[in-house]
Each structure stands twice: as C-alpha cells, then as structure tokens.
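> could you look at this predicted model? Sequence included:
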Amino acid sequence: MNDTVNRQILLVKRPSGMPYESDFRLIQSPLPSPDEGEVLIQTRYLSVDSSMRIRMNDRNTVAPPYALDAVVPGGAVGTVLSSRSPLLDTGDYVAGMFAWEDYSVASAKNIRKINPDLAPVSTALGVLGIPGLTAYFGLLEIGRPQPGETVVISAAAGAVGTVAGQIAKLKGCRVVGIAGSHRKVRYMLDELGFDAGINYKNPADIRASLARACRDGVDIYFDSVGGEISDAVVALINDYARTVLCGQIALDNTREIHLGLRCQALLHRRAALIQGFRIAQYADRFDEARGQLAEWLTAGKLKASEHIVEGLENTPKAFLGLFRGENVGKQLVRVC
C-alpha cells in the first residue's frame, strides 16, 4: 500500500434496482491531515451492510441519502496513525463511521477506542458492533423470549441473524433459521446449534416447509427479509406472538412494492405484535449490551461469524455479495 496516497471509493450513480459495480468508482487522493481534536486513521476492516442500499436512493429515510461523486460512508475499524487529541494515542484501535477509503480523518470524540485483547478487532463491526447490538435489543426488548418458545429467524446466516438465533438459544428457545443455501443451513445447524433450518430457495412450498418446522406455531419472528417469506411466517403466529421488524432486504432493490399478506385481522385475532425499531433508540445502553455480548463471546457461548473479502478495491463486490447471499455471518472487507 502506498502510504502517501489515499484510495477512495465513490458512489457515482444511484442504483436502479439491484446495484452494479459500475455504480462505484475507485480513485486516488492525497493523504489527509488531521486538524486539532482529530486523528488520522488507517483502515483495517470495513463493514458493508444491506441497510446502506436505502441511502443510495435519492430520498430521505431514517438518514439523508449518500451524496453522488463522494466517498461512501461506512463503519470501520482502524489504527490511529497520528493524533491531535488527548483522547487517543498513536497505535490505538478505534471503531466508528469512517468511509470506504484507506485513510480517514475523524473527530476523536466521535469514535470509540476498542480493546484488541478482549476479542479480535473485527468483532467491533459484527457481534460487538451494530449487528450484535441490533440482534440483542431487537430480540430481548421486543421479542422478549421465554424458554420453550419457537423463534423463527429470517436471513439467519447473516450478521444479525446469526447473533439473534444464538441469543434465542441461550434463552432456552427452539430456533428455526431461514437462509438461502444448503451450506448456510448446515452452518446454522452444525455450528450455531439451531434446531431446524430451511433453505428458502430449495422447497417448492415455503409455507409447507415452515409448517413442518414449526408444528407448534411461531411465538417470535425476527424479520430481516420481508416479502413472501415473512407472509408465510406471519401466517403461523401464535397468540401473543411478537414480530421484530429488523429489515426488509427482499424489498431493498425492488422498484415497486407488491402487496402481500394483509395481516391486521390475524394480528387482532392473535393479540399479536409487529414492531419496528431503530438501533439508535438504545444508544444509552450500548455499553451494557456490548458487555453482555463480550461475556458470552469470551465464554464460548456465542460464536462470531464473519465472511471476509480482501482488498479495498473489492468493497463494491462485497456489498453486492450481500444481495446474492454470498456471506455467512458478518460481511467485512480487510483493507490492511
């Protein structure tokens, strides 16, 4: 890597439907310099997340859209190369919202120092990062799992789903995971200890497969997918069931929304709940959650699932891989 040049990846075209590599461009820029209160960070790992797709559209959602012809923002872990802040020292490992680039400058007060002795630094973007926090608060605060309940996890081999399913098992639940390949199903069963797995690309009738796997119905549905899969799961909910609305990746690249199950009458009959959430609403409890997740991780009760792509230049490919179902666990790019 040339330490006088900063490679950056720009968003140059707003995707229409599924993103393409041509929507991005790799450029070279001068190495940035920190001002007072800032640090220069060398990127070690980049996070790519399906939620980033929404912000590539030209409309406001929970956050403003990404600017065109600008570096793509993203979560990252890096090393402090130089510091002009008393809060951080050269050599510190940090995590925060940086960008798809080799080197970033950031305000020291807006980033988090991480301990490389606690766990591999990459976990700050996965099980100990936003995906882990999303699984933790979504499942425990909205799902409220009880021993013996049946929990269904969609996108169960992804960054959030692998953690949510493992926490459900720790709480004594029966866990059914839905994923898009036989390899992912075997991983959920053999490595993560799920009780049943469904490859939604294999069965001719997803509803029948779910009914066989959930003979006692569904008490908690952790929904990261939406679309036909969610229609099939919600049709099986029990009385007082809770659906945790985490994401809708099946709809992220669609140009028009198709009507599916109209579930209001079913929710009324079952006295059931569907609730969305924003992870930021739990920000004041992040340290609590990270502490518990780290405790489970170091005790071997929780596995950190990661899928690593090498090289900054391959970040767009890693991002597109999310929508092709290539990753098992957290999708990361190792930059340095």
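Nice, thanks for sending it over.
> distance from the one helix or strand Gly161 maps to to the middle of the chain?
Assessed by DSSP states H and E, Gly161 sits inside helix 159-170. A distance of 12 Å separates the centroid of the chain from that of helix 159-170, by C-alpha atoms, centre = their mean, to the nearest Å.
> list the residues that contact the nearest residue to Leu68 once chain neighbours are set aside.
Closest residue to Leu68 in three dimensions, ignoring its sequence neighbours and counting by C-beta to C-beta, 6 or more residues apart in numbering: Leu11, at 6.0 Å. Placement of C-beta: from N, CA and C, glycine included. With C-beta atoms under 8 Å, 6 or more residues apart in numbering as the criterion, the residues that contact Leu11 are Asp23, Phe24, Met56, Tyr66, Ala67, Leu68, Asp69, Ala70, Val72.
> what packs against the helix holding Gly161?
Judged by 3 or more C-beta pairs under 8 Å, 6 or more residues apart in numbering; DSSP states H and E, helix 159-170 is in contact with helix 130-137, strand 150-153, strand 174-179, strand 218-223, strand 330-334.
> let's see that with 7 Å instead.
Packed against helix 159-170, as judged by 3 or more C-beta pairs under 7 Å, 6 or more residues apart in numbering; DSSP states H and E, are the following elements: helix 130-137, strand 150-153, strand 174-179.
> need the winner for burial among the ones you listed.
Of these, the one with the most neighbours on average (mean count of other C-beta atoms under 10 Å) is strand 150-153, at a mean of 30.
> what's that strand packed up against?
If contacts are counted by 3+ C-beta pairs under 7 Å, 6+ apart, strand 150-153 sits against helix 159-170, strand 174-179, strand 218-223.
> who does the last one pair with, and is each partner parallel or antiparallel?
For strand 218-223, the pairing partners within the sheet under DSSP bridges are strand 150-153 (parallel), strand 237-245 (parallel).
> how far does the last one sit from its chain's centre?
Relative to its parent chain, strand 237-245 has a centroid offset of 22 Å by C-alpha atoms, centre = their mean.
> one more: stretch 53-60?
For stretch 53-60, the distance between its averaged C-alpha position and the chain's averaged C-alpha position is 17 Å (C-alpha atoms, centre = their mean).
> repeat for stretch 175-183
With C-alpha atoms, centre = their mean, you get 17 Å for stretch 175-183.
> what about that stretch, start to end distance?
Its start and end residues considered, stretch 175-183 measures 18 Å (C-alpha to C-alpha, to the nearest Å).
> which residues sit against that stretch?
Taking contacts as C-beta atoms under 7 Å, 6 or more residues apart in numbering, the residues outside stretch 175-183 that touch it are 150-154, 156-157, 161, 165, 168-169, 185, 188, 194-201, 213-214, 229, 325.
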